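In: What follows is a predicted structure for the sequence shown.
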Amino acid sequence: MIKLFDLEKIIYCASFVDGEGYIEWACRPKKNGLGKIHDTHIYRMEVCNTDKDIIKDMHKWFGEQGTLFEVKPKTKKHLPQLRWTIGYNKFYRLLRLITPYMRQKEKLKKIKEIVKWKENLHTKTK
């Protein structure tokens, strides 16, 4: 993750996620190799923008964690975009940094659910 905790970069990322980001928190049934169905928890974040340098910078600031994807325009009126996707433990570590600076209520609600689930999971394994 980010080595030098540059508060400006953390706050910038938090506000960008507030305005442009997507946070997914879901539990879905999944079949394992033996055919047994179990619940799979999915938690991840995406930010996407036509200003690719912004997305590349945030990706770099946080240790190049996650994946960058080129998003092709849907129509000729749209511009190409760059999407940064980060999930699971890498996303959880990023959440711990940016959450204090976020304000969007629905995203904060999802974040609190993720943190609560993750901390409960951690205490069960001890």
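Out: All right, it came through fine.

In: Do a quick rundown of the helices in the chain.
Out: 7-20, 52-61, 88-98, 105-124 (DSSP state H).

In: Contacts for the shortest one next, please.
Out: In other words, helix 52-61. 2, 6, 9, 12-13, 16, 47-49, 65-66, 68, 80-84 (Cβ atoms under 8 Å, 6 or more residues apart in numbering). Yep, even glycine has a C-beta here, placed from its N, CA and C like the rest.

In: before we move on, back to that, in JSON lines, list the helices of the chain along with mean pLDDT.
Out: Output for the helices of the chain, formatted as JSON lines (pLDDT from 0 to 100):
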{"stretch": "helix 7-20", "mean pLDDT": "93"}
{"stretch": "helix 52-61", "mean pLDDT": "95"}
{"stretch": "helix 88-98", "mean pLDDT": "90"}
{"stretch": "helix 105-124", "mean pLDDT": "86"}
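
In: Surely Ser15 touches Val47?
Out: No - in this structure, Ser15 is not within contact of Val47 by Cβ atoms under 8 Å, at 11.1 Å.
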